[in-house]
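Chemist: Using only what follows, build the 3D model:
(2 chains)
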Amino acid sequence: MAAADPNTIKQVKTLKMPGDLLSVARVPGGDVLFVGNDWGKIYRVDWSGDKPETKELIGHTSYVSGLVLAGKHIVSGSWDRKLIWWDAETHQQVRTVENAHRKWIRHVAVAPDGKTVASVGDDMVGRLWDAVAGKLLHELQGHDEKTPQHFRSKLYTCVFSPDGQHLATGDHLGRILIWAVATGKQVAAVEAPSFYHWDFGRNNHSAGGVRCLAFTADGKRIAAGGIENRDVAIIQGTPLVQVFDWQKGQKTHEFKVGKDYVFESLRFQHEGAWLVGAGGGGAAAPKLVFFDLEQKKVVVEVALTIPLHAMTLNETSDVVYGAGRGYLVRWDLKR
Amino acid sequence: MPRTARHQGCGSPEHAISRRAFLGSASGLLLGGSGGLNMLGSPLLAEQMKRDQKRALLIFLSGGASQFETWDPKPGRHTGGPFQTIQTSIPGCHICELLPEIATRVHRHTAIIRSVDAANTDHDAGARVVLRGARLGNDGVKYPTLGAMLARELMQADSRVPDHVALYTAEVGLTINAQPDAAGFLGSRYDPINILSRLAPEGTRLPEALTDLDHQERGQLRDLLSKEFLKGRERDGTAASHSAAYSRVRGLMSCETLFDISQEPDRVRARYGPTLFGQQALVARRLLEAGVPFVRLNRGWWDSHGENFDIHAEMVPELDHVMSVLLDDLEERGLLQNTLVMTFSEMGRTPDINTMRGRDHFPRLSATLTGCGIRPGVVYGKTNENGTDIAEGRVTVPQLFATIFKALGIDHQKEYTANDGRPIALTNAGARPVKEVLA
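Modeler: Just a heads-up that it's a prediction; the model follows:
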């Protein structure tokens, strides 16, 4: 079957939601999503009928920055440092790990088999959890706690490889570490310094960071998204996606698209036909951008009216869901 | 210009002699002594200075630090942002979790004011408001800033240390969106020595081709010519100011080592930390200890229209640590009881969080006053539950100034005479100190 064609993309649904939507997870096989927002709320959204149905899940007290569906559970992570396991059917809390991280949890990912959950936070540690029992499996320590200028760093994102054997984590300095999931050992490091900007003279603070990651379908390369920042007071700079052969530590692709927004989410088409990046906040209107790695070109750019902070695809990659400022958006692609 | 009573330390002749002896010794060390300037080398001198002279330090959070992410958090509100709060050592008072070190100290010497109304949301204009007591100079008067007024009021007549030093971490705030101090009609003596992105002023060393004797002789010649020139021009503020500035050059040069933090023990330098702001804070402490009456530490740039929370996550912990260490150090040296440490910005930041997860400009802000003349452990004023406005205890900038002057024992209603002969009070008419925060 041919891959869905990004050139046919069409926005088909929008749903106004409370707050800024920061995380999204989709229930396989339908149009049911869970989204987390900046008010500490999680919403189950059944978008399958004519009239969307929403249900609120209350448990966090700060930004819900990570949300995944792991088997029968929803696992959410927040800047309140908590990881919460929820029953995906009853929406009751099954388990809460208070202080799962010593600082703010920035992202949560789930392995393709649903058996392992990863979380990253500004304590600069990645953690691997048994998705069923909630047991801590490994602590992944290797990201520097401080920047070279002696300020606290940030650990923004993580993603599992398609075969589930590796986890990639990306930090404020543009450092991407690859970990063996089975052992918790670091197996590779990729340097992407373009994502970090230290402004000594003008503002005397930093900006940037690897904000999102995605493995290629064969797991051999890793794509990183963010911005090459110019002004740290407002988000000004060049939205940036770089792709690396992580085993060799070599950059294979670089895309700079538009200006003044940050790529906050990346997803590969499930067979690797294309990569899509969602633009988040910035001084200019963000974009949804499709990349062809083989041709090393941008396929299509879609202007967004809201910044998107999270994005996911359906199983066949012909539906794109974006979660952003006050809205959930669905786009369809044709084959 | 009416004569006004100034703080002259204890005012005793011994004090003046001691200061000269101290500075002479500093100069001697600079010009060939070994071992560096150890201002605590004479315990008697140090103790005397600590006991008597009042000083002021402004930690100006240039660019507009967020009150929500510092002193006035709103947890659980839509305007509150992601951070949690922590209980401080003042019962019932919570501040942002980014300030854990300060949280354990606020009861000792600090008052928090959560209701300052700058009535302005522009960097330049806001700075003119909060640094000049809401006097914008639209009437043609060049009003002095708070720092210049405090330098004048707290300076010692025979002092050879600078009266006014401002250390900037970032170019924005000094040369871009300019917010520097200025002496205005008080004359250039009270203008700051501005130090940008470094620890010491440039140009305080003699050129290699010029000997110290040559320099002294040139100075004497200049003094002679200046005195002749000033005859009949005694009311010419510009000429007098120009002459005064030259006469202080050698004093400033003799103070070069005050800016040299390598004179401090390793453990002290380590305590302040490796960042520029930390190192500048250590310079500030050395200057205050040596008798500089007003120092401004300008930590910028807090303007966080984008990614407000990431910016504050980076900058507030540094403020927390450096401010805590500085207060402890001043206290341990017996200086804090006579030193007023102030923190505020030219504005606050909006309750609304914009599409860049930033906060924009907002006229309400928080301030802290610590040390000299302050009633510790006070939280004054209140914003409403979402922080969208002041609910209780609005403090105008003239009121804030009156409070600062009062804390330092300065009559805020006394008058200067501007160049055109107009009487100008230290604060606008009707400004009253906030007595609740005063000891």
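
Chemist: so A:Arg44 sits in a strand?
Modeler: Yes. Using DSSP: H, G, I helix; E, B strand; the rest coil, the secondary structure at A:Arg44 is a strand.

Chemist: Beta-bridge partners for it, please?
Modeler: The partner list for A:Arg44 in beta bridges (DSSP bridges) reads A:Phe34, A:Lys55.

Chemist: number of nearby residues for the spatially closest residue to B:Thr110 that is not a sequence neighbour?
Modeler: When the adjacent residues along the chain are set aside, B:Thr110 lies closest to B:Thr370, with 4.3 Å between them (Cβ to Cβ, 6 or more residues apart in numbering or on different chains). Quick note: C-beta positions are derived from backbone N, CA and C, even for glycine. By other Cβ atoms under 10 Å in any protein chain shown, 28 other residues sit near B:Thr370.

Chemist: so which helix or strand takes in B:Thr370?
Modeler: Taking DSSP states H and E as the definition, one finds B:Thr370 inside strand B:364-371.

Chemist: Report the distance from stretch B:139-154 to the chain centre.
Modeler: Taking the mean of its C-alpha atoms, stretch B:139-154 sits 13 Å from the chain's own mean (Cα atoms, centre = their mean, to the nearest Å).

Chemist: same check, this time on stretch B:175-183
Modeler: The chain centroid and the centroid of stretch B:175-183 are separated by 14 Å under Cα atoms, centre = their mean.

Chemist: tell me the mean pLDDT for that stretch?
Modeler: Here the mean pLDDT over stretch B:175-183 is 84, rounded to a whole number.

Chemist: near chain A, anything from that stretch?
Modeler: Yes. Under the criterion of Cβ under 8 Å from any Cβ of the partner chain, chain A is reached by stretch B:175-183 at B:Ile176.

Chemist: Give me every residue in the stretch 151-300 of chain B lying close to chain A.
Modeler: With Cβ under 8 Å from any Cβ as the criterion, the stretch 151-300 of chain B meets chain A at residues B:169-172, B:176, B:197, B:273-277, B:299-300.

Chemist: Quick check: buried residues in the longest helix seen in chain B?
Modeler: Under DSSP state H, the helix in chain B containing the largest number of residues is helix B:308-332. Buried residues in helix B:308-332, counting neighbours by 16 or more other Cβ atoms under 10 Å in any protein chain shown, are found at B:308-327, B:329-331.

Chemist: ok, and which of these reach chain A?
Modeler: The overlap between the buried residues of helix B:308-332 and the neighbours of chain A (Cβ under 8 Å from any Cβ) comes to B:310-311, B:313-315, B:317-318.

Chemist: Rebuild those residues as a markdown table, extending it with distance to A:Val276 and pLDDT.
Modeler: As requested, these are arranged in a markdown table below (distance: Cβ to Cβ, whole Å; pLDDT from 0 to 100):
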| residue | distance to A:Val276 | pLDDT |
| --- | --- | --- |
| B:Asp310 | 25 | 96 |
| B:Ile311 | 29 | 96 |
| B:Ala313 | 29 | 97 |
| B:Glu314 | 30 | 97 |
| B:Met315 | 34 | 97 |
| B:Pro317 | 36 | 98 |
| B:Glu318 | 38 | 98 |
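
Chemist: now those as JSON lines including distance to B:Ala119?
Modeler: Formatted as JSON lines, the entries for those read as follows, by distance: Cβ to Cβ, whole Å:
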{"residue": "B:Asp310", "distance to B:Ala119": "29"}
{"residue": "B:Ile311", "distance to B:Ala119": "25"}
{"residue": "B:Ala313", "distance to B:Ala119": "29"}
{"residue": "B:Glu314", "distance to B:Ala119": "29"}
{"residue": "B:Met315", "distance to B:Ala119": "25"}
{"residue": "B:Pro317", "distance to B:Ala119": "30"}
{"residue": "B:Glu318", "distance to B:Ala119": "29"}
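
Chemist: Which of the residues you listed sits closest to A:Val232?
Modeler: Relative to A:Val232, the closest of those is B:Ile311; by Cβ to Cβ it sits at 7.4 Å.

Chemist: Tell me how far the residue nearest to B:Thr110 lies from chain A.
Modeler: Distance, B:Thr370 to chain A, by Cβ to the nearest Cβ, to the nearest Å: 23 Å.

Chemist: for B:Asp163, same thing?
Modeler: Taking Cβ to the nearest Cβ as the measure, B:Asp163 and chain A are separated by 26 Å.

Chemist: Report the angle between the strand holding B:Thr370 and helix B:308-332.
Modeler: Using axes from the mean of the first three to the mean of the last three Cα atoms, to 10 degrees, the inter-axis angle of strand B:364-371 relative to helix B:308-332 is 20 degrees.
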